[in-house]
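# build me a structure from this.
(2 chains)
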Amino acid sequence: SAVISQKPSRDICQRGTSLTIQCQVDSQVTMMFWYRQQPGQSLTLIATANQGSEATYESGFVIDKFPISRPNLTFSTLTVSNMSPEDSSIYLCSVGHVGGQPQHFGDGTRLSIL
Amino acid sequence: DQQVKQNSPSLSVQEGRISILNCDYTNSMFDYFLWYKKYPAEGPTFLISISSIKDKNEDGRFTVFLNKSAKHLSLHIVPSQPGDSAVYFCAASPSGNTGKLIFGQGTTLQVKP
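Model prediction:
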């Protein structure tokens, strides 16, 4: 399976600031996704990162708060904007293909907002 | 609206015995179901999946059973090993080739030596 690298692995940020998380894959992949796991909760899909076009956001998530880029088939970024303590979560990048193939996940970015 | 539910937050079993993790879903329009294992400070790792047209899939010590009429699936681990101690997530893939997954809340499995 693909090797997925996420940076940073963790960060502590001040409220009102923004942080960009990077996801790098060692091979070209069809689909890339961004998930959030709030403390004690399940993984929730934020958006599908589309190569060369705007991301597709799930209900409850908006581009102004979580802008996403995907300039090519191996790289994507997620920005968490104007952070508040409620944004303290683990953010995970995953990659996959259509047709029931499993997604594979990076190790996540553990974000704490003070 | 939680479409995928894992109603048991935790499970403890003795090494060598069977672990059974359960998952229920409410949407009939799921094509695939998957199980992931997650250790602390790591991303989820894919374990096993099953197509909605099957009722069983086996891979080594791991077997997934799907009961479509009951909208229920389960993961059996036999024999359980201490290294299996982790959080297990059930996930479902909606039909339509979007590739996205909907996850359950997770069940923490502890296998005691």
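
# what pLDDT is listed against the residue in chain B positioned nearest to chain A?
Nearest residue of chain B to chain A, counting by CB to the nearest CB: B:Gly43, 3.4 Å away. Bear in mind the C-beta positions are built from the backbone N, C-alpha and C, glycine included. We have a pLDDT of 93 for B:Gly43.

# any idea what the closest residue to it other than its chain neighbours is bridged to?
Computed as CB to CB, 6 or more residues apart in numbering or on different chains, the closest residue to B:Gly43 that is not its neighbour in sequence is A:Phe105, at 3.4 Å. For A:Phe105, the beta-bridge partners under DSSP bridges are A:Ser94.

# so how far is A:Tyr35 from A:Phe105?
8 Å (CB to CB, to the nearest Å).

# same question for A:Leu43.
The gap separating A:Leu43 from A:Tyr35 is 5 Å, by CB to CB.

# need the overlap of contacts for those two.
A:Leu92 (CB atoms under 8 Å, 6 or more residues apart in numbering or on different chains).

# circling back: the residue of chain B closest to chain A contacts A:Gly108, doesn't it?
Yes: B:Gly43 lies in contact with A:Gly108 (CB atoms under 8 Å); the separation is 5.3 Å.

# so these two - more neighbours on which side?
A:Gly108 (25 against 21; other CB atoms under 10 Å in any protein chain shown).

# return the set of buried residues in stretch A:30-37.
A:31-37 (16 or more other CB atoms under 10 Å in any protein chain shown).

# list residues touching both of B:Gly43 and A:Gly108?
By CB under 8 Å, 6+ apart, the residues touching both B:Gly43 and A:Gly108 are A:Leu92.

# looking at the buried residues of stretch A:30-37, spot the one nearest A:Glu86.
A:Arg36 (10.9 Å; CB to CB).

# just the C-alpha atoms of the helix or strand encompassing B:Ile48, please, in CSV.
For B:Ile48, the enclosing helix or strand under DSSP states H and E is strand B:45-51. The C-alpha trace of strand B:45-51 is given here as CSV (Å, rounded to 0.1, in the frame of the first residue of the first chain):
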residue,chain,number,x,y,z
THR,B,45,-4.8,0.5,9.6
PHE,B,46,-7.0,-1.5,7.2
LEU,B,47,-7.8,-5.0,8.4
ILE,B,48,-10.5,-6.6,6.3
SER,B,49,-13.5,-5.7,4.1
ILE,B,50,-16.6,-7.3,2.8
SER,B,51,-18.8,-6.5,-0.2
